[in-house]
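Participant: turn this into a model:
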Amino acid sequence: MVITIAGPIGLSFDKKVAFYKNLKPFLISAGIASLIYIIWDIIFTKNNIWKFNDIYILKLKLFNLPLEEYLFFIIVPYASLFIYECIKSYFPNLKLGGNLPWKIITVFSAFMMFSNISKWYTVITFGLLSGILMITFVIKSKSFKSISNHLFASWLICLLPMSYVNGVLTGKPILIYNDAENCNVRIGTIPFEDFFYHLLYMVIMIFIYEYIKSNKSKKSI
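Facilitator: Numbers count the residues shown, from 1 in each chain. A predicted model of the protein is given here:
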């Protein structure tokens, strides 16, 4: 976690990005997304869909989740959102296919959900992702289109540090998955669902983040 947050914290005062100025929208958007994920985490841990290896964690737990897991949902969102803001600031006119990659991800997610209907981690992750993306296309298509390129690029970049962190977590293992509840496909030691679990978090958080910033800009006019 220290490795994950060190770079973003150190560069948050970069004049071009000035991420520190967006602390309030970050706290609200990350807070909402993290609350959803913590509830999800508590339910999955209780039902043995995954569990934590007590050898590698502190003994401090709340609702059966270790202290480190709560810190994880502060540090990783901060790092992810910082990467998103850097992409926006340094590449404002970035083009990566607009909504096309997201339509592909939506169809793929729906396929993964229906083809693994008895596996809870797969169904929840891909079901929520496909559902939320379909809702944004229908209800908030203009808003989503304005962030789609930067969001997609941010996710691709986040996959690099995420692969390192998750590789450590699943390699030792610190986090132990019940393979009966996932599609049983791994990239190295990382369950395939984890990559889209992170994407879902970014979609929820960044959409809320941009919505808050947009409302703030309208009020200041």
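Participant: number of nearby residues for residue 37?
Facilitator: For residue 37, the neighbour count with other CB atoms under 10 Å is 20. C-beta here means a position set from N, CA and C on the backbone, and glycine is covered the same way.
Participant: quick one: the helix or strand hosting it to chain centroid distance?
Facilitator: Element membership for residue 37, per DSSP states H and E: helix 23-46. Taking the mean of its C-alpha atoms, helix 23-46 sits 10 Å from the chain's own mean (CA atoms, centre = their mean, to the nearest Å).
Participant: that one packs against which elements?
Facilitator: Counting contacts by 3 or more CB pairs under 8 Å, 6 or more residues apart in numbering; DSSP states H and E, the secondary-structure elements packed against helix 23-46 are strand 50-52, strand 65-66, helix 67-90, helix 120-139, helix 192-220.
Participant: give the contact list for residue 29.
Facilitator: Residue 29 sits next to 81, 205, 206, 208, 209, 212 when contact means CB atoms under 8 Å, 6 or more residues apart in numbering.
Participant: next one, pLDDT for residue 105 please.
Facilitator: According to the predicted model, the pLDDT of residue 105 comes to 95.
Participant: repeat that for residue 131.
Facilitator: Predicted confidence (pLDDT) for residue 131: 95.
Participant: try the one 5 residues further on
Facilitator: Looking at residue 136, its pLDDT is 83.
Participant: residue 55 and residue 213: what is the separation?
Facilitator: Look at residue 55 and residue 213: by CB to CB, to the nearest Å, they are 42 Å apart.
Participant: between those two, who's got more neighbours?
Facilitator: A direct count of neighbours by other CB under 10 Å for residue 55 and residue 213 places residue 213 higher, at 15 against 8.
Participant: thought that one was touching residue 21?
Facilitator: No. Here residue 213 does not reach residue 21: they are 10.4 Å apart, not a contact under CB atoms under 8 Å.
Participant: count of neighbours near residue 185?
Facilitator: Counted by other CB under 10 Å, the residues lying close to residue 185 total 13.
Participant: burial measure for the residue lying closest to it once chain neighbours are set aside, as a count.
Facilitator: Residue nearest to residue 185 in three dimensions, not counting chain neighbours: residue 192, with 4.2 Å by CB to CB, 6 or more residues apart in numbering. A count of neighbours around residue 192, defined by other CB under 10 Å, yields 18.
Participant: what bits of the protein have low per-residue confidence?
Facilitator: Within the chain, the segments meeting pLDDT under 70 span 6-14, 16-18, 216-221.
Participant: swap in 90 and give it another go.
Facilitator: The model of the chain has pLDDT under 90 over residues 1-26, 59, 74-75, 77-79, 82, 85-100, 135-148, 161-162, 165, 210-221.
Participant: the longest helix in the protein is where?
Facilitator: The single longest helix within the chain, with elements called by DSSP state H, is helix 141-171.
Participant: helices or strands up against it?
Facilitator: Here helix 141-171 is seen to pack against helix 2-11, helix 67-90, helix 100-115, helix 120-139, strand 190-191, helix 192-220 when contacts are counted using 3+ CB pairs under 8 Å, 6+ apart.
Participant: please repeat the previous calculation with a cut-off of 7 Å.
Facilitator: Contacts of helix 141-171 with other secondary structure elements, assessed using 3 or more CB pairs under 7 Å, 6 or more residues apart in numbering; DSSP states H and E, are made with helix 67-90, strand 190-191, helix 192-220.
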